[in-house]
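**Q** Here's my sequence, what's the structure:
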Amino acid sequence: MPSPSASPSPARLSACIIAFNEADRIGDCLASLAFCDEIVVVDSFSSDATVAIAEAAGARVLQRTFDGFRSQKAFCVAQASHDWVLCLDADERIDATLRAAIEAERRAGFARGNGYRFARCSEYFGRFLRHGTAYPDRVLRLFDRRHGGWHGDREIHEAVTVDGPVALLPGDLLHHPYRSFLQLLDKKQKYARMMAEYEFSRGKRASLGKLVAAPAWRFFRSYVFKRGFLDGWPGLIEAFVSANYVRQKTIMLWLLQNGQPLADPPRTQS
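**A** Model prediction:
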C-alpha cells in the first residue's frame, strides 16, 4: 500500500486529431504529441499518405466521413481510451514550453481545473504573428471529457465548453494554417459561407450598416487597436483578409435572406 506522502500516478492522456490529406503536415503534429499515452486520428478518407504516416507514428487511425468540424472532433474524443484529452488539428503542434506545462499538470493529476487554455500562435507566410487579433487566440483544447467537450450545433468556428474551472498554461500551440495565399482565400470563403448559413438558420439578418461597418471595424481592431502593424506585411495581409471574411459573410447572409443562390445551381443537359 503506498504511503500517504507518495505522489499520485500521472493522469493518462489521449491526443485526438482529425485529418484529411495532411501528409505534408501531420508528421510534425504527431511528433509533438509523443508524450501522450495514445494518439487517435480520425481521417476523412484521405487520398494521400496521411493514414500511412499516422500509423507509422503509432497512432490509432479510424475512418469517418466528414460531416462537420465539431461533429468530427466530438467523434474523435469519444473514441479515446482516456478521459483527459488533448485535441489538435493536423496543422498544429505543441511547442516545448507548452509541452512542459502540460506534463507538469499531468503529474499533478490535472488538479487546477477540468480544462486548460493556452495561446495559439499562427504562422502567416513566413512569420509567426504575435499581435493583432491573431494572437494570443487562447483556445481550450486540453480537458476532461467527463466535464466537457465539443458541444453545440455550430460546425464552424467550433469550440470546447467545460463545466467547472479552466486554467491557463504558458507556451504556444504552433499553427500552420495555410499552404498558399490562394488556399487561404478558398478556406476563408468556405468558412464565410458556413457561418452565413449558420447565422441565417439562427434568424440573423444582414444590413447595409453591418456590410460597411463590420469589415472596417475588424480591420481597425486587428491592425491598429491590437497593433497588427508590428507584424509587418503578414500583419497587414492578415488584417485585410480577416476584414474581407467579414464582408463575404455579410454579403452571403444578405443573399440567403433574399433567396439568392450562393453557388451555381445544378445544370441539366438539354
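**Q** For the stretch 51-200 of the chain, give me the ranges with low pLDDT.
**A** Within the stretch 51-200 of the chain, no range satisfies pLDDT under 70.
**Q** what are the ranges of the strands in the chain?
**A** 13-19, 38-43, 60-63, 84-89, 92-94, 115-122, 139-144, 148-149, 161-162, 166-175 (DSSP state E).
**Q** which secondary structure elements does the fourth one contact?
**A** In this case it means strand 84-89. Applying 3 or more C-beta pairs under 8 Å, 6 or more residues apart in numbering; DSSP states H and E, we find strand 84-89 packed against strand 13-19, helix 69-79, strand 139-144. Placement of C-beta: from N, CA and C, glycine included.
**Q** repeat for the longest one
**A** Secondary-structure packing of strand 166-175 (3+ C-beta pairs under 8 Å, 6+ apart): strand 92-94, helix 96-107, strand 115-122, strand 139-144.
**Q** got the buried residues for the shortest one?
**A** Judged by neighbour count using 16 or more other C-beta atoms under 10 Å, the buried positions of strand 92-94 are 92-94.
**Q** ok, back up a step: how about the strands of the chain, which one is nearest K226?
**A** For K226, the closest of the strands of the chain is strand 115-122, at 13.7 Å, according to C-beta to C-beta.
**Q** okay, the strands of the chain in a markdown table with distance to G209 next?
**A** Shown next, in a markdown table, are those (distance: least, C-beta to C-beta, whole Å):
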| stretch | distance to G209 |
| --- | --- |
| strand 13-19 | 37 |
| strand 38-43 | 41 |
| strand 60-63 | 46 |
| strand 84-89 | 35 |
| strand 92-94 | 36 |
| strand 115-122 | 30 |
| strand 139-144 | 31 |
| strand 148-149 | 37 |
| strand 161-162 | 31 |
| strand 166-175 | 33 |
